[in-house]
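S.K.: sequence unavailable; structure follows:
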């Protein structure tokens, strides 16, 4: 990415930041927004887990519909 940055339009060069370590991310983002595997506090979010829970709770809502295919 560093090699290609000079060839990008100036608009993109201004918004792209390259960090040499994960610790530098904490200067720009709170730990709550960074996944735990990178040193943050954000727990992993899996869509599969959410879909299972949504299907289990589907009967609790008055508007019925087709179940998610999972």
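M.R.: Okay, I see it. Just so it is clear, the model here is predicted, and its values are computed rather than measured.
S.K.: how much space between the nearest residue to residue 13 once chain neighbours are set aside and residue 12?
M.R.: Using CB to CB, 6 or more residues apart in numbering and skipping the chain neighbours, the partner closest in space to residue 13 is residue 5 (5.9 Å). All C-beta spots, glycine's among them, are computed from the backbone N, C-alpha and C. Summarising the geometry, the distance separating residue 5 from residue 12, computed by CB to CB, to the nearest Å, is 8 Å.
S.K.: also residue 51?
M.R.: 35 Å.
S.K.: between these two, which one's more packed in?
M.R.: In terms of neighbours (other CB atoms under 10 Å), residue 51 is the more surrounded of residue 51 and residue 12; the figures are 14 against 11.
S.K.: local confidence estimate at that one?
M.R.: Taken from the predicted model, the pLDDT recorded for residue 51 is 78.
S.K.: ok so it is a helix residue?
M.R.: Yes: with DSSP: H, G, I helix; E, B strand; the rest coil as the criterion, residue 51 is assigned to a helix.
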